[in-house]
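1. take a look and give me a structure for this.
(2 chains)
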Amino acid sequence: MKKSLLAMAVLLAILISGQAYAGDTIRIGAIASVTGPASFLGEPERNTLVMLQDQINEAGGILGKNLEIIIYDDETEVNKAVLAADRLIRRDRVQAAIGGTTSGNTLAIMSNFTRAEIPLVSMAAAERIVNPVDPWIFKTPQSDRHAVTRILNHAKDQGYERIAIITVSDGFGQAGREVLRELIPEMGLTMVSDEIYGPRDTDMTSQLTRIRNQNPDAIICWGTNPGPAVIARNRQQLRLDIPLYMSHGVASRRFIELAGTAAEGLLLPLGRLSVAEHIPDDHPQKELLLNYISDYEARFNTPVSSFGGYAWDAMMLIKEAIEMGQSAEPKDIRDNLEKIQGFVGTGGIFNMSPEDHNGLDETSFVMAMIEDQDWKIVSE
Amino acid sequence: MDLGSALQYLISGLTVGSTYGLTALGFTIIFNATRVINFAQGEFVMLGGMLAVFFAGFFNFGLFPAIVLAVACTTLVGVCMERVAIRPVQGANVINIIIITIGVSIFIRGVVMIFLGKDTFALPPFFGTEALYFLGATIIPQSIWILLITMLVLLGLRTFFNNTIFGKAMLACSFEQKAAHLVGISVDRMVMLSFAISAMVGSIGGVILAPVTLTSYDVGIMLGLKGFASCILGGLGNPFGAAAGGLIIGVLESFGAGYVSSAFKDAFAFIILLVILFFKPSGIFGRADIERV
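-> Residues are numbered from 1 along each chain as shown, chains lettered A, B, ... in the order given. So this is what the prediction gives:
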């Protein structure tokens, strides 16, 4: 027993000494779902971080120090995310971390970073990540609440009163459903129908027929591909001419390709990254967005998605915080993250505060309509 | 409840049910020849749809050559699977072979994911996109195609099993392999044929459904599961029971989602399955197995 304890102590000492802070590098950890079901989110995030590491180091690093981003793939599995978090904290001894890709994985690793007192900037959307505020946890994507508010404002302006919702039975859909059920009555509208479908369902005509029987003024669908594309197609089949709003979960060209002609006339809130070429030239985000898009597409040869932008914002916010405080100590990074004001990112303009660890509001979305197989901004 | 809605539920149920039925048919054919449940059956369905998208999109073949090629390739995959993964372990326990089929399904899914990508794809409909109105319900032409092709496949298989020497030989193998062997039927070849036919039937299902429901590398899992439920419902070993089982499950799901709650859509199929297994383990159309002494 005594011997094994001694052996363990020696081992630990070796491990720690081997991994001590190298004075001239800043180590940032990242946990992304590069493979598995959420890979469509995690892959662009990983790519973006790899690209940023090179770009920042070519430009002289942060505070003259070399930046090293250590990226682990959690394979969209919660337990692997937790293991990766432990590794980043104990073995790699990172100064700040980015991740996880999905809300579930972020919620699972949050407490580890809080305990270790290392700031974590999540790339997942769920409101629960920053509400209630945990001093060490931040996030870059807009909350569902912002998207829902944007949609309902638009619906109200159009004079719609009776709203039907159809949501997917996974985490994304159910989080959206909760916010919709809360905000629809709050904004003086009536919810007449509340339908649910499975993430792998291939036919939603039953749900849409039920919705049609309730005779709503508008339908709001909350899901990620491919479900919403099927719903758009089913709506076309059933010749429903009730306006259909989609969530920001389908904000990619892929959705238009999948839904084909059925996508025409659909409305959705979009981050400005998806409509970069359509936003006015004097918008503060315009130049940054176009640069990010051309850099990304030149390097990886695939179209950019808003998900990669979440990683861009996370990394650049951390960089900004380090430069503001002239220090890469975890505690200083955290304190300065909270003070960031007017930071222009891909998702919007971030105004952090001790009460708001996301820093975005509903103006980070534009309302867009799909017209001639392209986005068209209907309200800025 | 109004007639239009009910009819709409029926149509969408039959459309989706047809693919369940075709998947179930594949399960049954292989089960009859080998007593093995081939859990890679859903993957054949996926391959049909994905390869058709691939051939039509990347090589710019016309839609129909692409479909024929996709079905042919999937059939070849079925044959290869039998030669490479099943035949070498011929004498093994049924359970071991079933586990091998699960392995094959994971392998196929992985290969497709790496080479064709993780995205969802759409195949253009065969003829026409304009929906037809019928007693307050709408039907898209593709639904009619799906039902028609399913019927044709069933009819074709029926003729094959009843009127051709190969079909009869396969039936003989399913009843008693040793006796079939003794009268000069090559059991090996029949097993291979059964894999080929299952793969073909499955891929046809995948191809005809892809324009309606979209396809991706992982659609095979759920379709395989539903197909399996259908063939248990119809009675394992009875091809036409299996097809009927698929249609029944499809329609029940659709009505369940329409009249009860869409949140429990997938549960209906499995609840029905459990009830059937409890009260009539041999399935609706199956005969109770007589244990030979």
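2. chain B contacts on the stretch 251-380 of chain A?
-> A:254, A:257-258, A:260-261 (C-beta under 8 Å from any C-beta of the partner chain). Yep, even glycine has a C-beta here, placed from its N, CA and C like the rest.
3. try 6 Å
-> A:Leu258 (C-beta under 6 Å from any C-beta of the partner chain).
4. residue of the stretch 251-380 of chain A closest to chain B, please.
-> Residue of the stretch 251-380 of chain A nearest chain B, by C-beta to the nearest C-beta: A:Leu258 (5.2 Å).
5. can you get me a residue count around that residue?
-> 23 (other C-beta atoms under 10 Å in any protein chain shown).
6. quick one: contacts for it?
-> A:229, B:120, B:122 (C-beta atoms under 6 Å, 6 or more residues apart in numbering or on different chains).
7. surely the second one touches B:Tyr217?
-> What it means is B:Thr120. No. Contact criterion C-beta atoms under 6 Å: B:Thr120 and B:Tyr217 do not qualify, at 9.2 Å.
8. returning to that earlier point: where's the closest residue to the residue of the stretch 251-380 of chain A closest to chain B other than its chain neighbours relative to A:Ala125, distance?
-> Excluding the flanking residues, the one nearest A:Leu258 by C-beta to C-beta, 6 or more residues apart in numbering or on different chains is A:Ala229, at 3.8 Å. Separation of A:Ala229 from A:Ala125 (C-beta to C-beta, to the nearest Å) stands at 20 Å.
9. separation between A:Asp194 and chain B?
-> With the distance defined as C-beta to the nearest C-beta, to the nearest Å, A:Asp194 ends up 9 Å from chain B.
10. that residue: what secondary structure?
-> strand (DSSP: H, G, I helix; E, B strand; the rest coil).
11. re earlier: for the contacts of A:Leu258, which one is nearest A:Asp86?
-> Sorting these by distance to A:Asp86 puts B:Thr120 at the head of the list, at 34.4 Å, by C-beta to C-beta.
12. that closest one: what's it in contact with?
-> A:225-226, A:258, B:214, B:216.
13. got TSV for those, with pLDDT and secondary structure too?
-> Listed next are these as TSV, based on pLDDT from 0 to 100; DSSP: H, G, I helix; E, B strand; the rest coil:
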residue	pLDDT	secondary structure
A:Asn225	78	coil
A:Pro226	81	coil
A:Leu258	85	helix
B:Leu214	83	coil
B:Ser216	86	coil
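14. which pair of these spans the longest distance?
-> Taking C-beta to C-beta as the measure, the contacts of B:Thr120 span a maximum distance of 10.0 Å, between A:Leu258 and B:Ser216.
15. which residue, neighbours along the chain excluded, lies closest to the residue of the stretch 201-350 of chain A found nearest chain B?
-> Proximity of the stretch 201-350 of chain A to chain B (C-beta to the nearest C-beta) peaks at A:Thr202, 3.2 Å away. Of all residues not flanking A:Thr202 in the chain, B:Thr213 sits nearest, at 3.2 Å (C-beta to C-beta, 6+ apart).
16. for burial, what's the neighbour tally of the one you found?
-> When neighbours are counted by other C-beta under 10 Å, B:Thr213 registers 26.
17. which parts of the chain are helices?
-> No chain was given, so I picked chain A. A:2-18, A:39-58, A:78-86, A:103-116, A:144-157, A:171-186, A:205-214, A:227-237, A:253-259, A:286-300, A:306-325, A:330-337 (DSSP state H).
18. that answer is for a different chain, and I need it for chain B
-> Using DSSP H, helices in chain B cover B:3-34, B:41-58, B:63-81, B:94-116, B:141-163, B:165-175, B:177-182, B:187-213, B:219-234, B:239-255, B:265-279.
19. list the contacts of the third one.
-> For helix B:63-81, the surrounding residues in contact (C-beta under 6 Å, 6+ apart) are B:44, B:47-48, B:51-52, B:55-56, B:104, B:192, B:195-196, B:199-200, B:203-204, B:207.
20. neighbour-wise, which of the contacts of B:Thr120 leads?
-> Going by other C-beta under 10 Å, A:Pro226 tops those with 27 neighbours.
21. got the contact list for that one?
-> Residues in contact with A:Pro226 (C-beta under 6 Å, 6+ apart) are B:120, B:214.
22. can you do 8 Å?
-> Neighbouring residues of A:Pro226 by C-beta atoms under 8 Å, 6 or more residues apart in numbering or on different chains: A:258, B:120, B:214, B:216.
23. now it: how far from A:Pro199?
-> According to C-beta to C-beta, A:Pro226 stands 9 Å off from A:Pro199.
24. what do you get for B:Ala179?
-> 48 Å.
25. these two: which is more packed in?
-> More crowded of B:Ala179 and A:Pro199, by other C-beta under 10 Å: A:Pro199, with 17 against 11.
26. measure the residue nearest to the more buried one when sequence neighbours are not counted to A:Arg128 for me?
-> Nearest residue to A:Pro199, sequence neighbours excluded (C-beta to C-beta, 6+ apart): A:Asp170, at 4.9 Å. A:Asp170 is 15 Å from A:Arg128, where distance means C-beta to C-beta.
27. more neighbours: which of the two?
-> Shown here are A:Asp170 and A:Arg128; by other C-beta under 10 Å, A:Asp170 has more neighbours (16 against 13).
28. phi first, then psi, for the more buried one.
-> phi -110, psi -170 (degrees, to the nearest 10).
29. which residues touch the residue of the stretch 151-293 of chain B found nearest chain A?
-> Closest residue of the stretch 151-293 of chain B to chain A, C-beta to the nearest C-beta: B:Thr213 (3.2 Å). Contact analysis of B:Thr213 by C-beta under 8 Å, 6+ apart lists A:202-203, A:230, B:16, B:219.
30. same thing but at 10 Å, please
-> By C-beta atoms under 10 Å, 6 or more residues apart in numbering or on different chains, B:Thr213 lies in contact with A:200-204, A:226, A:229-230, A:233-234, B:15-16, B:19, B:49, B:120, B:122-123, B:142, B:219, B:223.
31. what's the answer for A:Ser39, then?
-> A:Ser39 makes contact with A:32-33, A:45-46, A:73, A:75-76, A:101, B:113, B:118, according to C-beta under 10 Å, 6+ apart.
32. A:Ile163 against A:Asn215, yeah?
-> No. Using C-beta atoms under 10 Å, A:Ile163 is not in contact with A:Asn215; the gap is 11.7 Å.
33. those two: which has the busier surroundings?
-> For A:Ile163 versus A:Asn215, the count of surrounding residues by other C-beta under 10 Å is larger for A:Ile163: 24 against 11.
34. neighbours around the closest residue to A:Val344 other than its chain neighbours, how many?
-> Excluding the flanking residues, the one nearest A:Val344 by C-beta to C-beta, 6+ apart is A:Pro284, at 5.1 Å. Neighbourhood size, A:Pro284 [other C-beta under 10 Å]: 11.
35. give me every residue in the stretch 101-250 of chain A lying close to chain B.
-> Within the stretch 101-250 of chain A, the positions adjacent to chain B are A:166-167, A:169, A:194-213, A:225-227, A:229-230, A:233-234, A:236-240 by C-beta under 10 Å from any C-beta of the partner chain.
36. summarise which helices and strands the helix or strand of chain B with the lowest mean pLDDT is packed against.
-> Taking mean pLDDT, DSSP states H and E as the measure, the helix or strand of chain B with the lowest value is strand B:132-134, at a mean of 76. For strand B:132-134, the contact count by 3 or more C-beta pairs under 10 Å, 6 or more residues apart in numbering or on different chains; DSSP states H and E identifies helix B:3-34, strand B:137-139, helix B:141-163 as packing neighbours.
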